[in-house]
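**Q** quick one: sequence plus predicted model below, questions after.
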Amino acid sequence: MKSKSMLSLSIFIPIFAFVALFAIYPAIGMVIGSFSNGSHATLANYKSALQGQYLSAFATTSLLSLEGALIGIVGGGLVTWALTRSRLTWLQSTLTAVSSVMANFAGLPLAVAFMATLGTSGFVTIVFEFLFGKNLTDLGFNLASATGLMIVYATFLVPLAVILLLPAVHSIRSEWEEAVYTLGGSIWRYIRAVVLPILTPSLVGTFALLFANAFSSYVTAYAIAGGSINLIPIQIGYLIDGNVTMNLGLGDALAMLEMVVLGLAVVVFLAMQRIAGPNKRGGEGRA
Amino acid sequence: MHKWFVRIILTLFILQMALPVFGLVLFTFEGGGNFSVSPYTQLFTDSAFWSACLQSLVISVLSVALAIVLITPAIWYGYMYYPQILRVIEGFSFISFVIPAVVLGLAYVQFFSGPPLALAGTPALLPFAFTLLGMPYYVQAILNRLRLMDAKTYHDAARSLGSSAWRSLLQIQAPLLRTGIVNGSILVFSMGAGEFTITDLTTGGSYTTLPVYIQVAFGNTPLEGSAMAVFSIVISALLVFLAMGAFGRKRREYQ
C-alpha cells in the first residue's frame, strides 16, 4: 500500500521539476549572484542598490504603483458596480471580454496607441484644440510624464481590476440592499455594513495585485517615459542591455529587491483570496 | 439618478478603452497624411510578417501543450486526493507574479547560458517561460472547472466500478474537464502570443515572434508596426470571445 501511494505521488513530479528548474533554480542563482562580485561574497551590490539613483527609483516606482493601484481600484470598483447594476447582460459579458483584452494591452503597441491619441499630434489633442482652441501641451500636459504614465497605466489597470473584482461584487445580492432599506437603513449604512465587509478582502487583494502589475511594467513604461522617469524595471533593463557597463551583480540585487516587494504584494493577494473564499475569487476571464 | 450614474460610469469606461485603440487604428489609416489602407496591404504581403506569425504560433502552441501535459494531471490528482499539495502548487503558480518578465529574462540569460543547459540564445526556453507565465491562469481555469463539475463523485463512481485512476482521468475526467482545459489553453496561448520582454532577452533577438517583429517594425516603418499592433489586438479579442463562448457552453450544460 505504501509503495502504491508513493507511485501515485509521482504524478506531481513533472510539475515540481518544472517549477524547480525554470523558476526556483534561476531565482536561487539570482540570490547568489546578488551577493557576489564575480569572485567572492559581498554586500556591495545591495549597498549600491539601496542608494542614489536606485533608491530614488524604488521610491518613484512604489509611489507611481500605489497611485496606479488606487486609480485602478477606484475606477474598477465603480465600473464593476455599474456593470452589475446594469440590466443588460450582453453589455456585461461584452465589457468583461473587452476588459480581458485591455488588461493585456501593454508594451509598445499600447505606448504607440497613446502617442497617436494624446501625443503632440494625437487625435484627441487635435480635436481638443479644435473644440477649445487650446493646445494640451500649452496647458502643461505631457504624455512622457508621471501623469501621462498614470493615464496609460489606467488603461490596463482599471480593466484588470474589473476582472478581479467582478466575482466578489456579483456575490452581493440585491435583496440585501432592499433588506437594509426595508429595515430603515440608508445607502451609506448599506455600503458600510454590507458591501464593505463583503468586499474588503477582494479590494485589498486586488489592490495588491494591481500594485505588483504596475511595479513590474517595463516595456510600456520605457516606451512612454524613456529615461525621463526613474523606474526600477527600467534600471534593471539598462543594466542588462549594456547601455551602462554590464553589471550583473547589481542587476541581480535590484531584481531581488523588486521580487521582495512583489512577493509581499502576492502574499497579501493570496491571503485575501483565502479569506474571500472560492466563490468570490476573480481572474477567470483574464487572458 | 442612480441609473444615470451607472450610464455615466460605463460610458467613461468604454471611452477609456476605446479611445487609444481608435487612435491607433486612425493612425494606421491616416499616419501618412492622407487616408490610405497601404499599411495593411503592405503588412499582408510582407513575408517576414507571416513568418513572425508562424513563429509565434509554434511557440504558443508548444506552451499550451506543455501546460496541458504538465499541469492538468497534477491539479486534478491534487484536487482529488492531496489538497495540501494542491495548495502548494496553487501557491507556486503565482510565482510568475513575483518574478517580472525583465527579471526572469535576466535570470534565464545568466543561468541557462552554459552546459548542461545552454539554452539561452535559442527559442528552446520560451515554451517553458510562457507556461510559467500562464500557470496562474491555467491552474485557476482547471480548478474552477473541477469545483463546478463535482469531479469527485464521478471519480469515486469510476473507481468503485473497478477503473484505475489513470483510466478515470483519461476516459471520464478529461472529457468533463475539456472546457476548463480549452479556457486555460486560450489564456496560455494569448500570453505566449503577446510576450515580448523574455523573448527578446533570452533569444537575443535571434527568434522573431510577432511581438518582436512589431517592435522592429515600429522602428523602421511605424505605420506597418501599428497595423500589426491592430492585427494582434484583433486576434487577442477573437481569442477572448472564443474563451467566453466556451464558458457560455459550460453554463448551458448545467442549466
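**A** In hand now; what should we look at? None of these values were measured; they are calculated from a predicted model.
**Q** let's verify residue A:121: helix, strand, or coil?
**A** When classified by DSSP: H, G, I helix; E, B strand; the rest coil, residue A:121 comes out as coil.
**Q** neighbours around it, how many?
**A** Counted with other C-beta atoms under 10 Å in any protein chain shown, the neighbours of residue A:121 add up to 10. To be clear about C-beta, it is placed using only N, CA and C from the backbone, and glycine gets the same treatment.
**Q** now it: phi and psi?
**A** The phi/psi pair for residue A:121 (degrees, to the nearest 10) reads phi -120, psi 30.
**Q** secondary structure class of the residue lying closest to residue A:53 once chain neighbours are set aside, three-state.
**A** Distances taken as C-beta to C-beta, 6 or more residues apart in numbering or on different chains place residue A:230 nearest to residue A:53, at 6.2 Å, with adjacent residues excluded. When classified by three-state DSSP, residue A:230 comes out as coil.
**Q** neighbours of residue A:230, how many?
**A** 16.
**Q** residue B:83 too?
**A** Residue B:83, neighbours per other C-beta under 10 Å, totals 11.
**Q** still on that earlier bit, the residue nearest to residue A:53 against residue A:55, yeah?
**A** No. Residue A:230 lies out of contact with residue A:55 (C-beta atoms under 8 Å); the separation is 10.1 Å.
**Q** which non-adjacent residue is nearest residue B:75?
**A** Per C-beta to C-beta, 6+ apart, closest to residue B:75 is residue B:142, 4.8 Å.
**Q** only the buried residues of the lengthiest helix in chain B, if you could.
**A** Longest helix in chain B, counting residues (DSSP state H): helix B:47-80. Within helix B:47-80, the residues scored as buried using 16 or more other C-beta atoms under 10 Å in any protein chain shown are B:49, B:52-53, B:55-56, B:59-64, B:66-68, B:70-80.
**Q** show me the contacts for the residue nearest to residue A:53.
**A** Contact analysis of residue A:230 by C-beta atoms under 8 Å, 6 or more residues apart in numbering or on different chains lists A:53, A:56-57, A:60.
**Q** rewinding a little: helices and strands around the host helix or strand of the residue nearest to residue B:75, which ones?
**A** Using DSSP states H and E, residue B:142 sits within helix B:126-149. For helix B:126-149, the elements it packs on are helix A:13-19, helix B:47-80, helix B:83-93, helix B:95-98, helix B:101-111, helix B:174-194, helix B:197-203, judged by 3 or more C-beta pairs under 8 Å, 6 or more residues apart in numbering or on different chains; DSSP states H and E.
**Q** got the CA coordinates for it in CSV?
**A** Presented in CSV, the C-alpha positions along helix B:126-149 are these (Å, rounded to 0.1, in the frame of the first residue of the first chain):
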residue,chain,number,x,y,z
LEU,B,126,10.3,30.2,-24.5
PRO,B,127,7.6,27.5,-24.1
PHE,B,128,8.8,26.9,-20.5
ALA,B,129,8.8,30.6,-19.7
PHE,B,130,5.3,31.1,-21.3
THR,B,131,3.9,28.1,-19.4
LEU,B,132,5.3,29.6,-16.2
LEU,B,133,3.7,33.0,-17.1
GLY,B,134,0.4,31.4,-18.0
MET,B,135,0.4,29.0,-15.0
PRO,B,136,-1.7,31.0,-12.6
TYR,B,137,-4.5,31.4,-15.2
TYR,B,138,-4.3,27.8,-16.4
VAL,B,139,-4.4,26.5,-12.8
GLN,B,140,-7.4,28.6,-12.0
ALA,B,141,-9.3,27.6,-15.2
ILE,B,142,-8.9,23.9,-14.3
LEU,B,143,-9.7,24.4,-10.6
ASN,B,144,-12.9,26.4,-11.5
ARG,B,145,-14.0,23.6,-13.7
LEU,B,146,-13.2,20.9,-11.1
ARG,B,147,-15.2,22.8,-8.5
LEU,B,148,-18.1,23.3,-10.8
MET,B,149,-18.5,19.8,-12.2
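**Q** identify all contacting residues around the helix or strand just after that helix.
**A** Sequence-wise, the next helix or strand downstream of helix B:126-149 (DSSP H and E) is helix B:151-160. The contact list for helix B:151-160 (C-beta under 8 Å, 6+ apart) reads B:76, B:79-80, B:165, B:167-168, B:172-173, B:176-177.
**Q** show me the two of the residues you listed that sit farthest apart.
**A** Using C-beta to C-beta, the contacts of helix B:151-160 span at most 17.5 Å, a distance reached by B:79 and B:167.
**Q** quick one: least confident helix or strand in chain B?
**A** helix B:222-253 (a mean of 77; mean pLDDT, DSSP states H and E).
**Q** give me the contact status of that one with chain A.
**A** Yes. Helix B:222-253 reaches chain A (C-beta under 8 Å from any C-beta of the partner chain) through B:222, B:225-226, B:229, B:232-233, B:236-237, B:239-241, B:243-244, B:247.
**Q** what's that helix packed up against?
**A** Helix B:222-253 packs on helix A:89-103, helix A:107-118, helix B:2-30, helix B:38-45, helix B:174-194, helix B:210-220, going by 3+ C-beta pairs under 8 Å, 6+ apart.
**Q** would CSV of the residues of helix B:222-253 next to chain A with distance to residue B:160 and neighbour count be doable?
**A** Output for those, formatted as CSV (distance: C-beta to C-beta, whole Å; neighbours: other C-beta atoms under 10 Å in any protein chain shown):
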residue, distance to residue B:160, neighbour count
B:222, 64, 17
B:225, 60, 23
B:226, 60, 29
B:229, 55, 28
B:232, 49, 20
B:233, 50, 21
B:236, 44, 22
B:237, 46, 19
B:239, 40, 21
B:240, 40, 25
B:241, 41, 17
B:243, 35, 26
B:244, 37, 18
B:247, 32, 21
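**Q** now render those as JSON lines, adding distance to residue A:89.
**A** JSON lines is the format used below for those (distance: C-beta to C-beta, whole Å):
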{"residue": "B:222", "distance to residue A:89": "40"}
{"residue": "B:225", "distance to residue A:89": "37"}
{"residue": "B:226", "distance to residue A:89": "34"}
{"residue": "B:229", "distance to residue A:89": "31"}
{"residue": "B:232", "distance to residue A:89": "29"}
{"residue": "B:233", "distance to residue A:89": "25"}
{"residue": "B:236", "distance to residue A:89": "23"}
{"residue": "B:237", "distance to residue A:89": "19"}
{"residue": "B:239", "distance to residue A:89": "22"}
{"residue": "B:240", "distance to residue A:89": "17"}
{"residue": "B:241", "distance to residue A:89": "15"}
{"residue": "B:243", "distance to residue A:89": "17"}
{"residue": "B:244", "distance to residue A:89": "12"}
{"residue": "B:247", "distance to residue A:89": "14"}
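**Q** tell me the one among these nearest to residue B:147.
**A** Ranked by distance to residue B:147 (C-beta to C-beta), these are led by residue B:247 at 14.2 Å.
**Q** so how far is residue A:144 from residue B:219?
**A** To residue A:144, residue B:219 is 18 Å away according to C-beta to C-beta, to the nearest Å.
**Q** done for today, thanks.
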